[in-house]
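>>> sequence? don't have it. structure:
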């Protein structure tokens, strides 16, 4: 009846057939983790277990549904009665049956994140707290953090570290807010997502009969992706498995990358200590990748101190070494990757959907999106929003559009009260109606708010706020003829209050918005620098024209597309060819993760995940320079590149560097201190002092953004002298020598 086990390899079969006690299955990348979990449940059904006696917990409903369908295919329709689902969905059913034990009605509502933040916002307002300090998002995040560590409102105020943190961040009323939040939820007969775990734990802790009912009613528990569980999830599993310890957890400590969400790698590392006599099974054969990709990933992850050691191997072809490319700038990096994608398509018969570009942060998608739009390369941003569709970018562009065209009504509506300046919807609608009644643009009304025609419709306070907005935009309009797009855009972001708004918090979502804003400024700087060097216009209108072309593209969702995504989004996916870009110190690893070994080891695991997404080709790239925070910054290569066995990396000589970079020549002892980037002041707008006599046709030159190239022709003289340069990745450029940032190689 269990002939289907013949489909498994020896290691997988051993893990499946052990059902006599607790077991930990460490599943290396591409080793068939889902198959083992699926077959183990099917095997249990052939060994006398009823479907309703098995509980399998996953992290997505999709995973649970797919596994159940596979099990039905193995053992038949009885598998439909399995209790499978996410932690939250399974425990919400348990809570509905016994809600009264916790003081709730069975028909309790489940608050989503929007509901929770709205309640936090209301409480902050009721307590007359500063909503710029007590941001609803941050308040909810702290409550969520506490619940996932099973710290209730009563214990919160006794937790010295939490109280200290709240006081140091000027949020001493967090304990009170948490208490009021829980009271309000209870009065509303509502639980938030974190309560589904927290209250399940309390239900079992305070009601032994309920705990025993479920611990004995379910004879076997299985948990997928155990390395991603938090403290609350781990404790509930302990409660449920206490009676018979028939529990199997499956995961890979080397792929634990969600510490910032509360996942605790100690859960999987310490499993055998928590469950005495637990059996350890290792799935070490990688079915996904070539031998060299697997060996390179192994050489990297073995540098981590805390891990369950395993030797992942592949019986696939040897394959190619990893490729490492050093580029002059993030701009050339994008050009190189796009060019290499098309080369691999020609030479290896691949299609666009066979490629993925992985990056550490969302903001890094911008240069790749820009280049793909220019090249006509189809792409999709997986699990995220295209750069020019992100809220903060659309807000900034709306400011730019209004300055370029004050009668742009859509831009006006978007930003007249962003950042908040006390101009509400009633006022905005009155301004728009006045413009419609007089058949004029809305800017005409705003500019004449104090005139006899409009003064009667707006009180002095409102008129003053509208006047202030008008003066702000007017000051930018006055600078249109004399400022380039970057200078004006930078000033607008600062003086409008957008920069202050985005830098008001260190929450992860604000950090992402900050990075996007800085990346947008970088795009403006690139535009001005390119246009100036090529003798083109550098004004705001010219920049907006380019942005409009970039952001308005026809999408063919069903056609093959290159996938762009953060590495966190890539977990569980695989592609024939993967590009891991931005391999620079303080980018990957992130500068926020180099102050502790625990964080640094999670960053290394993140790179391990990235490398093991690749089936046949894995390309690493890094840039020597990036324009950030208003200046050109020089970056050192990521320390992680030294962790990969150098015999398994080829330095791509096609980018002008035929030898391995200096950091490959010797091992450097890893330091937990960040490696500081060196910076130079902006070179934007400066004229070169080099004479034409310093260059000749045939000279090899290096450009800060375009990389290595060869001068094909010199045209003109004096200030009009231009060089036609053929760059290896950027193509042919005609550069005005008085602005061109060229150096002989």
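Structure's in. What do you need? What you are looking at is a predicted structure, and each value in this text was computed from that prediction instead of being measured.
>>> make it CA atoms for all contacts and neighbour counts henceforth
Will do.
>>> Determine the three-state secondary structure at residue 85.
Here residue 85 is recorded as strand under DSSP: H, G, I helix; E, B strand; the rest coil.
>>> Cross-check the contact I'm expecting between it and residue 67.
No: using CA atoms under 8 Å, residue 85 is not in contact with residue 67, being 9.9 Å away.
>>> Indicate each strand paired with the longest strand along the chain and its parallel or antiparallel sense.
Ordering each strand of the chain by length in residues (DSSP state E) puts strand 614-628 first. Partners of strand 614-628 in the sheet, by DSSP bridges, are strand 322-329 (parallel), strand 575-580 (parallel), strand 631-634 (antiparallel).
>>> Of all those, which one comes closest to residue 102?
Counting by CA to CA, residue 102 lies closest to strand 575-580 out of the strands paired with strand 614-628; the figure is 47.5 Å.
>>> The helix or strand following the closest one - contacts with which helices or strands?
With elements assigned by DSSP states H and E, the helix or strand that comes after strand 575-580 is helix 597-611. Counting contacts by 3 or more CA pairs under 8 Å, 6 or more residues apart in numbering; DSSP states H and E, helix 597-611 is packed against helix 291-301, helix 567-570, strand 575-580.
>>> repeat that for 7 Å
helix 291-301 (3 or more CA pairs under 7 Å, 6 or more residues apart in numbering; DSSP states H and E).
>>> quick one: the helix it packs on to strand 322-329, angle?
Helix 291-301 runs at 70 degrees relative to strand 322-329, counting by axes from the mean of the first three to the mean of the last three CA atoms, to 10 degrees.
>>> what's the next secondary structure element after helix 291-301?
strand 313-314.
>>> Adjacent strands (with direction) for that next one?
Strand pairing (DSSP bridges) places strand 313-314 next to strand 285-286 (parallel).
>>> sorry, back to before: what sits up against the longest strand of the chain?
The contact list for strand 614-628, computed with CA atoms under 7 Å, 6 or more residues apart in numbering, reads 288-290, 319-320, 322-330, 333, 518, 522, 574-584, 611, 632-637.
>>> Show me which of the residues you listed are buried.
288-290, 320, 322-330, 333, 518, 522, 574-584, 611, 632-637 (16 or more other CA atoms under 10 Å).
>>> so is residue 449 in a helix, a strand, or just coil?
Per three-state DSSP, residue 449 ends up coil.
>>> State the pLDDT value of it.
Residue 449 carries a pLDDT value of 84.
>>> Tell me if I'm right that it and residue 457 touch.
No: in this structure residue 449 lies outside contact range of residue 457 using CA atoms under 7 Å: 9.1 Å.
>>> mind listing the helices for the stretch 51-200 of the chain?
For the stretch 51-200 of the chain, the helices defined by DSSP state H, counting those that start in this stretch occupy 61-75, 87-97, 113-126, 136-148, 153-156, 160-168, 174-187, 193-206.
>>> just checking, what packs against the fourth one?
Contact partners of helix 136-148 among helices and strands, from 3+ CA pairs under 7 Å, 6+ apart: helix 113-126, helix 193-206.
>>> quick one: average pLDDT of stretch 140-152?
95.
>>> Near the residue lying closest to residue 569 once chain neighbours are set aside, how many other residues are there?
Nearest residue to residue 569, sequence neighbours excluded (CA to CA, 6 or more residues apart in numbering): residue 383, at 6.5 Å. Neighbour count for residue 383, taken as other CA atoms under 10 Å: 12.
>>> Equivalent analysis for residue 744, please.
A total of 13 residues lie near residue 744 under the criterion other CA under 10 Å.
>>> Repeat that for residue 339.
Residue 339 has 17 nearby residues by other CA under 10 Å.
>>> Next one: it from residue 176, what distance?
Distance of residue 339 to residue 176, computed by CA to CA, to the nearest Å: 57 Å.
>>> Equivalent analysis for residue 80, please.
Using CA to CA, we find residue 80 at a distance of 46 Å from residue 176.
>>> Confirm residue 465 sits in a helix?
Yes: residue state for residue 465 (three-state DSSP) corresponds to a helix.
>>> Which pLDDT value belongs to it?
Turning to residue 465, the model gives it a pLDDT of 91.
>>> residue contacts, it?
Contacts of residue 465 (CA under 7 Å, 6+ apart): residue 423.
>>> these two touch, right, residue 299 and residue 647?
No: using CA under 7 Å, residue 299 is not in contact with residue 647, being 10.6 Å away.
>>> what about those two, which has more around it?
Set residue 299 next to residue 647 and count neighbours by other CA under 10 Å: residue 299 wins out with 15 against 10.
>>> I'd like to know which helix or strand in this structure has the lowest mean pLDDT.
Across the helices and strands of the chain, the lowest-confidence element by mean pLDDT, DSSP states H and E is strand 678-679, at a mean of 40.
>>> Leaving out chain neighbours, which residue sits closest to residue 207?
Residue 207 sits nearest to residue 101 (CA to CA, 6+ apart), 7.9 Å away.
>>> what's the spacing between that neighbour and residue 630?
58 Å.
>>> for residue 293, same thing?
Distance from residue 293 to residue 630, by CA to CA: 38 Å.
>>> the more surrounded of those two?
Between residue 293 and residue 630, residue 293 has the larger neighbour count (other CA under 10 Å), namely 27 against 14.
>>> so who does that one touch?
321, 322.
>>> Also residue 523?
By CA under 7 Å, 6+ apart, no residues touch residue 523.
>>> would it count as being in a helix?
Yes: counting by three-state DSSP, residue 523 falls inside a helix.
>>> which stretches of the stretch 351-500 of the chain form strands?
Secondary structure of the stretch 351-500 of the chain (DSSP state E, counting those that start in this stretch): strands located at 355-359, 379-381.
>>> in its sheet, what does the longest one sit against?
Read it as strand 355-359. Using DSSP bridges, the strands paired with strand 355-359 are strand 562-566 (parallel), strand 575-580 (parallel).
>>> possible to save those as a markdown table with mean pLDDT and distance to residue 142?
A markdown table is the format used below for the strands paired with strand 355-359 (pLDDT from 0 to 100; distance: least, CA to CA, whole Å):
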| stretch | mean pLDDT | distance to residue 142 |
| --- | --- | --- |
| strand 562-566 | 97 | 25 |
| strand 575-580 | 98 | 33 |
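>>> which one of those lies closest to residue 5?
Checking those against residue 5 by CA to CA gives strand 575-580 as the closest, at 28.0 Å.
>>> Contacts for the closest one next, please.
By CA under 7 Å, 6+ apart, strand 575-580 touches 354-359, 610, 613-621.
>>> The residue lying closest to residue 139 once chain neighbours are set aside: what's it in contact with?
With CA to CA, 6+ apart as the criterion, residue 139 has its nearest non-adjacent residue at 6.6 Å, and that residue is residue 120. Contact partners of residue 120, counting by CA under 7 Å, 6+ apart, are 136, 139, 140, 181.
>>> Let's see that with 8 Å instead.
Counting by CA atoms under 8 Å, 6 or more residues apart in numbering, residue 120 touches 136, 137, 139, 140, 177, 181.
>>> of those residues, closest to residue 377?
Of all the contacts of residue 120, residue 377 sits closest to residue 137, with 37.2 Å by CA to CA.
>>> That closest one against residue 118, yeah?
No: the pair residue 137 and residue 118 does not pass the contact test of CA under 8 Å, sitting 9.1 Å apart.
>>> more neighbours, the two?
Each of residue 137 and residue 118 has its neighbours counted (other CA under 10 Å); residue 137 has more, 18 against 13.
>>> ok, and the closest non-adjacent residue to the more buried one?
Leaving aside its sequence neighbours, residue 137 sits nearest to residue 117 (CA to CA, 6+ apart; 6.0 Å).
>>> Residue 139 versus that neighbour, what's the distance?
Taken as CA to CA, the span from residue 117 to residue 139 is 8 Å.
>>> how much space between residue 460 and residue 446?
Using CA to CA, we find residue 460 at a distance of 14 Å from residue 446.
>>> The two: who's more crowded?
Ranked by neighbour count (other CA under 10 Å), residue 460 and residue 446 place residue 446 first, with 22 against 12.
>>> mind listing what that one touches?
Contacts of residue 446 (CA under 8 Å, 6+ apart): 431, 466, 467, 470.
>>> one more time with 7 Å, if that's ok
Residues in contact with residue 446 (CA under 7 Å, 6+ apart) are 466, 470.
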